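Asker: Quick one: sequence plus predicted model below, questions after.
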Amino acid sequence: MKDRKTVICILGPTATGKTSLALALSEHMPVEVISVDSAMVYAGLDVGTAKPSPDELSRVPHHLVGMLAPTEVYSAADFRKDARRLIEEVLSRGKTPLLVGGTMLYFNALFFGLDQLPGASVEVRSQIQAKANENGWLSLHEELAAVDPLSARRIHPNDKQRVQRALEVFLLTGVRLSEMQEKALAGGQYLSCLFSEFDLRIFSLELADRRELYRRIDLRFKSMLEQGLVEETVQLRQNYHLCASMPSMRAIGYRQVCAYLEGEYDYDAMICRAQAASRQLAKRQITWLRGWRKRNCLPIQSLESGAEGLCEFIQDDLGLN
RNA sequence: GGCGGGGUGGCAGAGUGGUUAUGCAGCGGAUUGCAAAUCCGUGGACGCCGGUUCGAUUCCGACCUCCGCCU
């Protein structure tokens, strides 16, 4: 029990200062940061993802930041594989892995594992998409109901992403998604979670006052614009062959700036929509957090007070002081 | 001052003499290879006063207010 290595996680909704807390903590103990962020993985998406500056990145080793082109696709499974590998690597260097980010599905996949399922297939997905364009997603849900009634019952007919995935799994393997998941559960695969392997310390940055969080979110988006978010997006669109359906361009901020550049709405509307999207993201993140009882809420009165106090709290909790 | 038009939930915007359009935002929830995604659920209103009526958000009148035009 005593020999389980410590792994620190810092998570929380967007705009709560996770990144600066991680940087501050790195001043106090030997850590390497493993980013848990589905948007920061992309190179060139800097301002809009509030990526640490090059200087900050060079001060502490960071992983899974900016290592993909914006045209590429990354997934929870990719993340889980990469993160597990990196945790071992960091530990082997005698340092503490510090997982920081707000992509809660990635944390979930890492904490609790994933079933043995086939990966995504671009071909199969475009096949399904083509069918959907012709007959609508509802007919695809009916198709799913015919081959995998259990999944069809679980997945809402309007939830095209999950309908597509369930269909994809069946088309790829000939085995029902629901069946694969049941088998995995029975086989105990899903139980191989990270908690038994490591001394996981989960610290969650949560504000008691939602208004305060939203105020920060609104301000932060404006400051991203001042830092050149529109220019960055224009640049990205020049440098890569991007389209709106790519994960990188679905990221908050970029998505709305693209629509603005396409003339879908004006500048002010773009701001409002991006801010609203961020608030909704924060709400979904909070929903994930509420489900994780093992989290340790950091006592934040005001985030402006700086990260030092929180570092002390974390170190106390780790028994380092 | 005169004429015309309008005042509907946080915002936008339909509509009806009796049964709370809708969209956005907000709130709650789902979440296993796109997750900063994709979905599901949900409270809340008819400017003010009086009249007609069994019943007015809806009809009538006054008032307040906003917008446009005219003087």
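Answerer: That came through fine. Residues are numbered from 1 along each chain as shown, chains lettered A, B, ... in the order given.
Asker: low pLDDT regions in the stretch 1-150 of chain A?
Answerer: A:1-2 (pLDDT under 70).
Asker: how about a cut-off of 80?
Answerer: A:1-3 (pLDDT under 80).
Asker: RNA strand B contacts on that one?
Answerer: A:14, A:37-40, A:48-50, A:73-78, A:102-106, A:108-109, A:114-120, A:125 (CB under 7 Å from any atom of the strand). Every residue, glycine included, has its C-beta placed from N, CA and C.
Asker: List only buried entries from the residues you listed.
Answerer: A:14, A:37-40, A:48-50, A:74-76, A:78, A:102-104, A:106, A:108-109, A:114, A:117, A:120 (16 or more other CB atoms under 10 Å).
Asker: Run a quick neighbour tally on residue A:257.
Answerer: Residues lying near residue A:257 (other CB atoms under 10 Å) number 26.
Asker: Which parts of chain A are strands?
Answerer: A:6-11, A:31-36, A:62-63, A:96-101, A:199-205, A:296-298 (DSSP state E).
Asker: any idea how far residue A:146 is from the most centrally placed residue in chain A?
Answerer: Nearest to the geometric centre of chain A sits residue A:103, at 2.1 Å (CA atoms, centre = their mean). From residue A:103 across to residue A:146, the span is 34 Å (CB to CB, to the nearest Å).
Asker: what does residue A:126 give?
Answerer: 21 Å.
Asker: would a markdown table of the strands of chain A with mean neighbour count and distance to residue A:250 be doable?
Answerer: Listed next are those as a markdown table, based on neighbours: other CB atoms under 10 Å; distance: least, CB to CB, whole Å:
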| stretch | mean neighbour count | distance to residue A:250 |
| --- | --- | --- |
| strand A:6-11 | 22 | 21 |
| strand A:31-36 | 25 | 18 |
| strand A:62-63 | 22 | 23 |
| strand A:96-101 | 25 | 17 |
| strand A:199-205 | 19 | 25 |
| strand A:296-298 | 15 | 30 |
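Asker: okay, these in JSON lines with distance to residue A:274 next?
Answerer: Below are those laid out as JSON lines (distance: least, CB to CB, whole Å):
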{"stretch": "strand A:6-11", "distance to residue A:274": "22"}
{"stretch": "strand A:31-36", "distance to residue A:274": "22"}
{"stretch": "strand A:62-63", "distance to residue A:274": "25"}
{"stretch": "strand A:96-101", "distance to residue A:274": "20"}
{"stretch": "strand A:199-205", "distance to residue A:274": "22"}
{"stretch": "strand A:296-298", "distance to residue A:274": "27"}
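Asker: Surely residue A:50 touches residue A:220?
Answerer: Yes. Counting by CB atoms under 8 Å, residue A:50 touches residue A:220, with 7.2 Å between them.
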